[in-house]
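S.K.: What follows is a predicted protein model with its sequence.
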Amino acid sequence: MDCYFHHAVPLVSHCSTCAKAVCAACRNDVGDCPSCVLAARIAAASASRARIAGGIGPSERNTYHDPQSVPESAGRVRTIDPATYIESDTSRTIVALGYPFWPLAVLALFDGSKSPAVRRHALQALGFNLFAYGVGFPVLSAVASIPVLGMPVWPLVAFWLPIVFVASVIYGFKAFHNERVDVPFLSSFLDSRRTA
């Protein structure tokens with residue numbers, strides 16, 4: 001029988017934890033295989049990380065509602081902005097998908113949590129899509145139809161939809177990870193309306 005990790009290398013013994021066949025190169029001094037050694041290291045590292053940082057995960061998120069310093073790992077600190085932080089995974093997913101798919105942004109406006117971050121992201125997503133597909137594309141198409149002036153605009157018309165889609169995916173990815181999403185002009189307008 002061959003080693004589980006090396007082809008055509010005869011086994012010396014079996015792993016003391018998982019009982020996989022291992023050769024002399026794979027077996028450590030305790031008798032564990034490389035995958036069990038790696039699993040033990042990962043478990044030890046995650047246990048020490050949770051002990052140092054005070055725990056990281058959904059249960060820890062609920063204790064931070066106002067902008068404070070939140071321990072992210074042993075050496076770094078992240079500041080939470082209440083205007084962009086969304087606790088619920090479901091709300092974050094709907095808001096993130098609202099950037100590329102505008103009907104989900106309309107759905108996010110009716111979110112039961114009444115979170116200002118969810119409302120801000122939903123309005124930004126709707127404004128972004130309205131400008132991109134309702135204003136930007138028709139205006140570019142109209143300018144491109146002008147005989148002489150429209151010649152330089154045709155390449156932009158061809159790449160407008162892919163550029164908008166990539167931007168919406170980037171905005172959605174940032175929104176899902178609770179990062180601040182700033183759509184040019186629209187974000188500053190929404191922030192000024194919120195503070196007024």
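M.R.: That came in fine, so what should we check first?
S.K.: all contacts plus neighbour counts: C-alpha atoms, from now on.
M.R.: Will do.
S.K.: Would you map the helices across this protein?
M.R.: Taking DSSP state H to define them, one finds helices in the chain at 34-53, 58-61, 89-98, 102-109, 116-129, 137-144, 154-176, 186-195.
S.K.: could you dump these to CSV with mean neighbour count, distance to residue 12 and mean pLDDT?
M.R.: Shown next, in CSV, are the helices of the chain (neighbours: other CA atoms under 10 Å; distance: least, CA to CA, whole Å; pLDDT from 0 to 100):
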stretch, mean neighbour count, distance to residue 12, mean pLDDT
helix 34-53, 13, 14, 76
helix 58-61, 11, 45, 48
helix 89-98, 22, 48, 86
helix 102-109, 20, 58, 88
helix 116-129, 23, 59, 87
helix 137-144, 16, 68, 81
helix 154-176, 17, 49, 86
helix 186-195, 12, 65, 74
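S.K.: can you redo these as CSV with distance to residue 21?
M.R.: CSV is the format used below for those (distance: least, CA to CA, whole Å):
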stretch, distance to residue 21
helix 34-53, 11
helix 58-61, 39
helix 89-98, 42
helix 102-109, 52
helix 116-129, 53
helix 137-144, 63
helix 154-176, 43
helix 186-195, 59
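S.K.: With respect to residue 11, which of those helices lies nearest?
M.R.: Closest approach to residue 11 among the helices of the chain (CA to CA): helix 34-53, 14.0 Å.
S.K.: so how far is residue 190 from residue 32?
M.R.: Using CA to CA, to the nearest Å, residue 32 is found at 58 Å from residue 190.
S.K.: quick one, what contacts residue 18?
M.R.: residue 36 (CA atoms under 8 Å, 6 or more residues apart in numbering).
S.K.: mind checking how far it is from residue 95?
M.R.: Residue 18 is 43 Å from residue 95, by CA to CA.
S.K.: OK, contacts around residue 171?
M.R.: So residue 171 contacts 96, 99, 181 (CA under 8 Å, 6+ apart).
S.K.: any idea of the pLDDT on the most centrally placed residue in the chain?
M.R.: In the chain, the residue lying closest to the centroid (CA atoms, centre = their mean) is residue 177, at 3.9 Å. Note on residue 177: pLDDT of 86.
S.K.: Phi, psi for it please.
M.R.: When quoted as degrees, to the nearest 10, the phi and psi of residue 177 stand at phi -90, psi 20.
S.K.: contacts for stretch 140-156?
M.R.: For stretch 140-156, using CA under 8 Å, 6+ apart, the contacting residues are residue 157.
S.K.: Also stretch 89-109?
M.R.: Contacts of stretch 89-109 (CA under 8 Å, 6+ apart): 86, 111, 118-119, 121-123, 125-126, 128-129, 165, 168-169, 171-176, 178.
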